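Colleague: A predicted structure for the sequence below; I have some questions about it.
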Amino acid sequence: MANETTKEKTYEKLSKSEQMVIDIVLKNLENGSGIWSPGWVSTGLPRNAITGKGYRGSNNIRLFMIGMERGYKDNRWLTFRQMTEKGWSFKLDEEGNSLAKNKGVGIDYYELRDRETKRPFDRSVLDGMTEDEKREYMDENVYALRRSYTVFNADLVEGIPANEETLPGVMENIERVDNFLEGWSEKEAKIVYGGDEAYYSPRLDEIHLPEQKAFRSTAEFYSTALHELGHSTGHEKRLNRQITNSFASDEYAKEELRAEIGSLFLEQEFGVPTDPEHLRNSSAYVENWYGAIKKDPSIFFSAVTDASKISVYVMGKEREFSLEKEATKEKSEAVSGPLSFVDSASSSSADEAQKEGETEATRGGMQGGAHPLASVPSNSVRENAQGVQGGGFPLAQDEKIEPYAIVKDEDDAGEIVYRLKMIAPYGQTRSQFGGYGFRSPEALMKEFSIMQLKPFWRGTKFKEVSISELAEMSRERADQYYAKQERRNEDRKIGYMLPSQYAAKVENEWRPDMKGRGIESLAPSDRELVSKAETGTEGSVFQALFRGDRVTGEWAADVNSIMRRLALYTEDAEQIGRVFRASGQFREGMLETEIKQLAVNAIGTVKKILPKVMQTDDEIKHHGSRQNSATK
């Protein structure tokens with residue numbers, strides 16, 4: 001009786017929309033179908049019909065669950081005011097009654113306020129405090145102001161344009177998801193395919209999945225993979241949750257609930273469709289979920305909060321993977337010209353690539369109102385020390401100027417926010433920080449200054465421009481990019497530099513610190529590779545490159561040349577990387593992954609071009625590998 005009273009009190013404290021969600025969940029659990037309704041079909045991430053921005057966290061789960069229960073086919077929602085401002089209206093039934101009667105769904109936004117000033121809380125006052133001091137200050141001086149709004153599904157609105165957002169078929173592969181799973185397996189928790197079980201091993205930090213062909217559909221495979229991936233975020237080196245729980249225990253069931261809701265959020269973010277035939281086998285903990293949620297409905301919304309953290313963390317990682325991949329591609333293109341040992345055409349290409357804009361550097365965890373705390377300089381334009389750009393590639397001599405614009409906007413609740421716009425690598429104008437809107441320009445610039453400290457942006461100066469100027473610059477950059485691509489395609493040919501040409505070109509204005517480097521620092525097998533690279537007509541050029549001379553006039557082109565020369569004699573990217581790090585072309589700050597990628601690119605280029613290059617049997621026999629004989 002006491003438990004029932006506790007449940008009723010907790011239930012009564014929920015908003016009407018939250019009560020509706022709990023009622024739906026308990027009904028589905030009673031029917032034995034898990035959390036979701038049988039045969040439900042996802043319509044995608046719930047979005048605002050006017051702004052296009054996605055609802056996240058508890059607002060997401062409310063709109064999703066209620067939309068699923070009511071059978072809405074549209075994932076768009078809007079307020080009454082937004083509808084009337086567009087000149088739209090609610091649909092009517094045959095008797096002339098509004099179909100939207102009692103169909104509004106409440107959503108909430110929270111804003112932290114200073115108890116004394118009643119104004120939005122400035123988190124910079126927390127700088128320098130310990131975690132305990134921060135919590136104490138927040139408890140005593142800050143309160144959360146809730147703003148509630150009622151939204152209606154687009155299915156109820158007359159005159160609204162058709163929804164252009166579509167999801168792929170359940171059997172279709174989604175390149176974005178495939179790339180992300182590959183990145184997660186490489187950089188986070190390894191994904192092992194095989195067997196007939198799907199699970200995450202905290203001890204090994206491995207995700208185990210059956211082969212994709214073992215699943216009913218591609219959508220089912222993605223859903224299962226993202227569910228197990230959600231568990232892996234609980235590892236101590238990630239979100240550090242308690243995930244080593246006994247099977248069927250309360251904590252085990254709670255973790256399963258987090259992962260189940262988290263996989264839903266991730267499927268929405270990635271645009272994964274729902275397989276109506278697929279219901280995850282959750283029979284082992286359905287009864288546990290039902291009893292726990294019925295006893296204390298707040299458990300469900302606590303799981304939603306944790307699932308939102310999972311989603312924010314994972315999507316932040318996806319942006320990080322994409323950023324690194326784009327940066328590596330840009331830089332590898334700058335140094336992956338023709339096979340020629342010294343590529344005279346690559347200097348201009350490398351120079352253009354250095355002037356080319358970089359992709360956005362977003363900080364994970366910026367969705368859903370999350371706002372990391374940090375003590376940073378207050379200046380809006382930070383002059384970083386010249387060094388690594390694009391995740392580890394040094395600038396030669398010139399600093400790069402990167403424009404940005406601050407845009408005043410409205411969020412879904414109609415509040416004024418400020419967003420940061422920059423130019424992506426191929427000319428697009430793109431929002432930073434996942435499109436997060438800051439309450440003040442000062443808060444935005446504080447976060448921007450943190451971003452500028454990342455290795456990706458070192459050696460870059462930032463200049464504020466208007467949004468119209470930024471748009472024009474983005475078009476110019478797009479034109480430059482495609483023009484450069486055309487020139488690069490024309491320049492892809494094999495060419496060699498005569499020693500006399502090299503001698504006239506070499507300039508030793510920059511000399512690296514070779515302490516701890518050189519051939520003496522290498523193992524015997526690596527020394528043998530250097531010895532092979534020093535043979536032939538162009539051996540003197542390789543020697544100059546190895547000791548750090550500026551041969552082509554551009555560092556990126558020199559890297560290209562030394563990598564490809566080594567690739568002529570080995571397909572071992574690790575060995576090429578070791579020799580490169582011992583050379584004078586290596587610069588501090590370059591990442592291991594970038595060096596390996598450069599080596600892989602060089603090997604690939606040699607493989608493509610080598611059949612076209614004359615070789616002699618004697619040279620192949622002598623070196624036992626690949627040898628460049630086109631030096632005549």
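Modeller: Great, that's in hand.
Colleague: So for stretch 417-436, first residue to last residue, what's the gap.
Modeller: By CA to CA, to the nearest Å, the extent of stretch 417-436 from end to end equals 9 Å.
Colleague: now that stretch, how far from the centre of its chain.
Modeller: If you compare the mean C-alpha spot of stretch 417-436 with that of the full chain, they lie 14 Å apart, counting by CA atoms, centre = their mean, to the nearest Å.
Colleague: what's the average pLDDT for it?
Modeller: Per-residue confidence for stretch 417-436 averages out to 74 on the pLDDT scale.
Colleague: Stretch 540-560: end-to-end distance?
Modeller: Start and end residues of stretch 540-560 are separated by 17 Å (CA to CA).
Colleague: Now it: buried residues?
Modeller: Of the residues in stretch 540-560, 541-542, 544-560 count as buried by neighbour count, 16 or more other CB atoms under 10 Å. (C-beta placed from N, C-alpha, C; glycine too.)
Colleague: per-residue confidence for residue 20?
Modeller: The per-residue pLDDT reported for residue 20 equals 92.
Colleague: if I look at residue 462, how far off is residue 151?
Modeller: Plainly put, residue 462 is 37 Å away from residue 151 if you go by CB to CB, to the nearest Å.
Colleague: out of those two, which sits in the busier spot?
Modeller: Neighbours per residue, other CB atoms under 10 Å: of residue 462 and residue 151, the larger number sits with residue 151, 25 against 20.
Colleague: so which strand or helix has the residue nearest to that one when sequence neighbours are not counted?
Modeller: Excluding the flanking residues, the one nearest residue 151 by CB to CB, 6 or more residues apart in numbering is residue 77, at 4.2 Å. Assigned by DSSP states H and E, residue 77 falls within strand 76-79.
Colleague: Please enumerate the helices of the stretch 151-300 of the chain.
Modeller: For the stretch 151-300 of the chain, the helices defined by DSSP state H, counting those that start in this stretch cover 175-187, 218-232, 250-270, 283-295, 298-335.
Colleague: just for the stretch 501-632 of the chain, where's the confidence low?
Modeller: 501-511, 536-538, 552-553, 609-632 (pLDDT under 70).
Colleague: Tell me which residues touch residue 168, please.
Modeller: Listed by CB atoms under 8 Å, 6 or more residues apart in numbering, the contact partners of residue 168 are 174, 271, 273.
Colleague: okay but the first one is in contact with residue 273, surely?
Modeller: No: counting by CB atoms under 8 Å, residue 174 does not reach residue 273; the two are 9.0 Å apart.
Colleague: More neighbours: which of the two?
Modeller: Of the pair residue 174 and residue 273, residue 273 is the one with more neighbours under other CB under 10 Å, namely 23 against 17.
Colleague: Just the local confidence number for that one, please.
Modeller: 85.
Colleague: Quick check: residue 317 vs residue 173, distance?
Modeller: Going from residue 317 to residue 173 by CB to CB gives 20 Å.
Colleague: of these two, who's got more company?
Modeller: Higher neighbour count among residue 317 and residue 173: residue 317, with 19 against 12, using other CB under 10 Å.
Colleague: Let me see the domain layout of the chain.
Modeller: 343-491, 499-623 (automatic domain parsing).
Colleague: how about the CA coordinates for the host helix or strand of residue 136, as CSV?
Modeller: Here residue 136 is covered by helix 131-141, with elements defined by DSSP H and E. Taking Å, rounded to 0.1, in the frame of the first residue of the first chain, the C-alpha atoms of helix 131-141 are listed here in CSV:
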residue,chain,number,x,y,z
GLU,A,131,33.9,20.2,-8.5
ASP,A,132,32.6,20.3,-4.9
GLU,A,133,32.8,24.1,-4.8
LYS,A,134,30.9,24.3,-8.1
ARG,A,135,28.1,22.0,-6.8
GLU,A,136,27.9,24.1,-3.6
TYR,A,137,27.7,27.4,-5.5
MET,A,138,25.1,26.0,-7.9
ASP,A,139,22.9,24.7,-5.1
GLU,A,140,23.0,28.1,-3.3
ASN,A,141,23.0,30.6,-6.1
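Colleague: Contacts made by that helix with the rest, please.
Modeller: Contacts to helix 131-141, defined as CB under 8 Å, 6+ apart, come from residues 114, 115, 116, 125, 126, 129, 373.
Colleague: rerun at 7 Å
Modeller: The contact list for helix 131-141 (CB atoms under 7 Å, 6 or more residues apart in numbering) reads 114, 115, 126, 129.
Colleague: okay but the second one is in contact with residue 143, surely?
Modeller: Just to be clear, that refers to residue 115. Yes: here residue 115 reaches residue 143: they are 5.8 Å apart, a contact under CB atoms under 7 Å.
Colleague: which residue packs closest to residue 422, ignoring adjacent ones?
Modeller: The spatial neighbour of residue 422 that comes closest, neighbours along the chain excluded (CB to CB, 6+ apart), is residue 404 at 4.9 Å.
Colleague: Return the set of residues that bridge with that neighbour.
Modeller: Listed beta-bridge partners, residue 404: residue 464 (assigned using DSSP bridges).
Colleague: That one against residue 462, yeah?
Modeller: Yes: assessed by CB under 7 Å, residue 404 is found in contact with residue 462 at 5.8 Å.
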